[in-house]
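*Asks:* just a sequence and a predicted model for now, questions to come.
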Amino acid sequence: MVNIKTLQENTAPLPYYSAKDGQWIADNTWLRPAVWDYPNSRGVDGATMIDWNIVVTRHNITSQAKDIRVLGLLSETAGKRLTIANPTGPQNENNSGQFLSISHYLLLNGIIDLVGESQLLQDVGSLLDASS
């Protein structure tokens, strides 16, 4: 930064790490400074969806009533589950679903549970890590 004379706090959550089991949209699910929102939240204008987050999951997390779009998802811990589902529907094949969209990179060592009509979407050129 140019012409900044005072110390500025570095608070960018790069990447976002899960802190405990919970819901995607809950503040305490993510290990991050209090000044930041959960990954894939709305920008400061209240309308723009921030979809360039990199997210590392190490816990069981549910999408709740939220479609999720991220730049990168690293599901690092075997046996830990990211559940994508509509929470108001039955948690079986009749669920209307949500989507998980990844624009660039997916590491899948945990589990992504796509309940009912839920979908995993990867953009053209998006990479699935070979070690997954």
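*Replies:* That came through fine.

*Asks:* what residues are up against the nearest residue to Q119 once chain neighbours are set aside?
*Replies:* Spatial nearest neighbour of Q119, excluding adjacent residues (C-beta to C-beta, 6 or more residues apart in numbering): F99 at 4.8 Å. (Glycine included, C-beta is placed from N, CA and C.) F99 sits next to 67-68, 84, 118-121 when contact means C-beta atoms under 8 Å, 6 or more residues apart in numbering.

*Asks:* among those residues, name the ones in helices.
*Replies:* Residues of the contacts of F99 located in helices (DSSP state H): none.

*Asks:* all the strands of the chain, residue numbers only.
*Replies:* Using DSSP state E, the strands of the chain run over 16-18, 22-23, 30-31, 54-57, 61-62, 68-75, 81-84, 99-108, 111-114, 119-122, 127-128.

*Asks:* just give me the neighbour total for the closest residue to L14 other than its chain neighbours.
*Replies:* Excluding the flanking residues, the one nearest L14 by C-beta to C-beta, 6+ apart is I54, at 6.7 Å. Other residues within reach of I54, judged by other C-beta atoms under 10 Å, total 17.
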